[in-house]
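**Student:** Sequence plus the predicted model coming up.
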Amino acid sequence: MTNLLPEITEIWHQTLNWQPTVQQQAQFQRLYELILEGNRQLNLTRITDPQEFWEKHLWDSLRGIAPQGQFIPSLTDGTSVIDIGTGAGFPGVPVIITAPNCTITLMDSTRKKITFIEKILTELALTNTKTLVDRAEQIGQHPQYRQSYDIALIRAVGVASVCAEYTLPLLKLGGLAVIYRGNWAEDETIALQNAVNQLGGVIESIEKFTTPLSHSIRHCVYLRKVAATPVEFPRATGIPAQKPL
Ligand code: SAM
């Protein structure tokens, strides 16, 4: 039996002022099937129900790149995006399906996850993609990657100040980091403010919203890079997570 993803066009319209084309809907469906298949060998995700997959993996991935419910305009041109700790490809794969003119680097420290993503990219005929097996602390210090992205996405990789240390060094001046979060507490804002001050960023906004099917609370934190990140950041592998700024 094939599990069919819902086609909830009116929710896409209401929440993101957008709807997938027939081709994009087919790519979402194939992505879902490939993840279900991959789950038999790899522990990719516990979200396998079609409605839940639609909401928590597809909709959630796209809501992050649509602050205030509108897609970031620069995604329509050659904007360079990196997804840090992409795991099974979230939020990066739904983003490149939706915005195929940008270039996206899907990065994770786990080789087997990136090998799986490479299969997905081939099967879905997604071009403008690169994959990278590495750690955020390493590439953040590498001249090939440091200060070279317009947008950095990060979901479920660590607390916000750790995500700030992973993302901001990789951004060009003026670039945007999108930190996907579930709940958010006021003291996290204070810790994050302290971190971004040291990293050359500012908190542009923190958006709270509810997901459209299960009405769960989510937050997206948007950081803007306004100054070069000092050379000591990101710190050596493991240190950001052990001693968050
Ligand atoms: N972003 C995906 C999502 O939201 O479904 C995956 C989240 S998973 C909980 C965290 C992922 O981040 C893992 O695949 C892990 O290998 C990766 N990761 C954790 N720390 C990392 C680091 N410092 N550099 C690169 N990848 C990292």
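**Tutor:** That came through, no problem. Everything quoted here is computed from the prediction, not taken from an experiment.

**Student:** give me the low-pLDDT residue ranges for the chain?
**Tutor:** Where the chain drops to pLDDT under 70, the residues are 1-2.

**Student:** Outside of the helix ranked longest in it itself, which residues are in contact with it?
**Tutor:** As assigned by DSSP state H, the longest helix anywhere in the chain is helix 22-39. Here helix 22-39 makes contact (CB atoms under 8 Å, 6 or more residues apart in numbering) with 2-5, 7, 20, 44-45, 48, 50, 53-54, 57-58, 88-89, 93-94, 97-98, 116, 119-120, 123-124, 126. (Each C-beta comes from the backbone N, C-alpha and C, glycine too.)

**Student:** Just the buried ones from the residues you listed?
**Tutor:** Buried by 16 or more other CB atoms under 10 Å: 5, 20, 44-45, 50, 53-54, 57-58, 88-89, 93-94, 97-98, 116, 120, 124, 126, out of these.

**Student:** and the ligand, which of the residues you listed reach it?
**Tutor:** The subset of the buried ones among the contacts of helix 22-39 within reach of the ligand, by CB under 6 Å from any ligand atom, is A88.

**Student:** Among the buried ones among the contacts of helix 22-39, which ones are in strands?
**Tutor:** Judged by DSSP state E, those include no members of strands.

**Student:** circling back to that earlier point, just the ones of the contacts of helix 22-39 in helices?
**Tutor:** Mapping the contacts of helix 22-39 onto helices (DSSP H) picks out 50, 53, 93-94, 97-98, 116, 119-120, 123.

**Student:** So which bits of the protein are right by the ligand?
**Tutor:** So the chain meets the ligand at 84-88, 90, 108-110, 113, 135-137, 155-157 (CB under 6 Å from any ligand atom).

**Student:** Point out the ones among those that are inside strands.
**Tutor:** 84, 108, 155.

**Student:** Let me know the closest of those residues to L173.
**Tutor:** Proximity of those to L173 (CB to CB) peaks at I84, which lies at 18.7 Å.

**Student:** For that closest one, which non-adjacent residue is spatially closest?
**Tutor:** In space, and not counting its chain neighbours, I84 is closest to I154: 4.6 Å by CB to CB, 6 or more residues apart in numbering.

**Student:** Looks like that neighbour contacts L170 (just checking).
**Tutor:** No: using CB atoms under 8 Å, I154 is not in contact with L170; the gap is 10.1 Å.

**Student:** Mind listing the shared neighbours of these two?
**Tutor:** Shared contacts of I154 and L170, defined by CB under 8 Å, 6+ apart, are found at I84.

**Student:** Next, V221: secondary structure please.
**Tutor:** strand (DSSP: H, G, I helix; E, B strand; the rest coil).

**Student:** Please report the distance of it from L199.
**Tutor:** Separation of V221 from L199 (CB to CB, to the nearest Å): 13 Å.
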